[in-house]
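Undergrad: how would this look folded up:
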Amino acid sequence: MIEQGEHQQLDFKFEVSDSKKIARTLSAFANTDGGRLLIGVKDNGAISGIRSDEEYYMIEAASCMYTRPEVPFTTTRWDIQGKTVLEVYIAPSEQRPHLAPDKDDTYKAYIRVADENILANEILTHAWKKRRDTRGTLLRVSKPVEILFAWLDTHPYISFRQFCRVTHLRYSTARDILIDLLAVDAIQYTLIDKRIMYTKAIDPQDKQYPAGDAPRR
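TA: A predicted model of the protein is given here:
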């Protein structure tokens with residue numbers, strides 16, 4: 001795993017000194033594709049090891065105290081070259097969005113993009129919440145929806161601003177349409193240059209993508 005380097009589902013930590021900050025990583029992994037933290041490993045892959053059980057308790061505090069809802073995790077201790085590396089595994093969650101405090105202690109949702117954690121927008125967070133609503137979602141195939149899918153027939157993705165422009169919709173109306181479409185898996189989001197875009201939902205078994213290019217749900 002260390003030889004892979006940091007990526008979408010793998011993050012190295014020399015140490016854990018801030019439970020709030022690590023909570024953002026737990027949120028990002030849980031809200032995206034899941035992933036692993038290797039604690040006691042430097043950014044260059046050098047094994048430094050952990051000094052005590054304090055690292056585990058910092059992760060536990062991050063999960064229990066600073067993620068909403070709590071992000072579950074499992075751990076494995078590896079003894080390598082006389083040093084201990086703590087592996088923390090976070091599964092992709094069905095309870096998303098998981099929130100964590102930003103620098104101002106405001107709770108927000110994060111997603112994982114390559115080896116970084118970025119803020120999820122309100123469209124994603126509302127779509128995740130709506131997907132969990134047992135009452136379901138009533139989706140009307142309106143003219144703006146037809147325009148959207150006609151656009152996606154000839155373009156690989158669309159931004160929120162583009163959607164507003166081509167449909168001449170107000171912000172709130174366009175937002176609500178994308179939320180509903182995401183909630184019923186009619187579209188999905190993809191990340192282009194760290195920007196959230198929207199594309200047609202494609203069954204990953206039906207099409208192979210180059211590494212790192214698959215749309216992320």
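Undergrad: going forward, measure contacts and count neighbours with C-alpha atoms only.
TA: Will do.
Undergrad: where do the strands sit along the chain?
TA: Taking DSSP state E as the test, the strands found in the chain are 10-13, 35-39, 74-80, 83-90, 99-101, 107-113, 116-119, 187-192, 195-200.
Undergrad: and the closest residue to Ile111 other than its chain neighbours, how many residues sit next to it?
TA: The shortest distance from Ile111 to any non-neighbouring residue, by Cα to Cα, 6 or more residues apart in numbering, is to Ala28 (4.0 Å). For Ala28, the neighbour count with other Cα atoms under 10 Å is 32.
Undergrad: Ok, Met58 next?
TA: Met58: 19 neighbours (other Cα under 10 Å).
Undergrad: For the residue of the chain positioned farthest from its centre, which residues are in contact?
TA: Centroid-distance maximum for the chain: Gly82 at 34.2 Å, with Cα atoms, centre = their mean. By Cα atoms under 8 Å, 6 or more residues apart in numbering, no residues touch Gly82.
Undergrad: I'd like the distance between Lys108 and Cys164.
TA: To Cys164, Lys108 is 25 Å away according to Cα to Cα, to the nearest Å.
Undergrad: Quick one, which of the strands of the chain gets closest to Leu139.
TA: Proximity to Leu139, assessed across the strands of the chain by Cα to Cα, is greatest for strand 187-192 (12.5 Å).
Undergrad: if I read this right, Pro92 contacts Ala30, doesn't it?
TA: Yes. Judged on Cα atoms under 8 Å, Pro92 makes contact with Ala30 at a distance of 4.6 Å.
Undergrad: Return the distance of the closest residue to Thr75 other than its chain neighbours relative to Ile80.
TA: Nearest residue to Thr75 in three dimensions, chain neighbours excluded: Val88, at 4.6 Å (Cα to Cα, 6+ apart). Per Cα to Cα, Val88 is found 16 Å from Ile80.
Undergrad: Of those two, which one has the most company?
TA: Val88 (20 against 11).
Undergrad: Quick check: bridge partners of the more buried one?
TA: When bridges are called by DSSP bridges, Val88 pairs up with Leu37, Thr75.
Undergrad: In terms of pLDDT, where does the residue lying closest to Arg170 once chain neighbours are set aside sit?
TA: Of all residues not flanking Arg170 in the chain, Cys164 sits nearest, at 6.7 Å (Cα to Cα, 6+ apart). Listed pLDDT for Cys164 reads 97.
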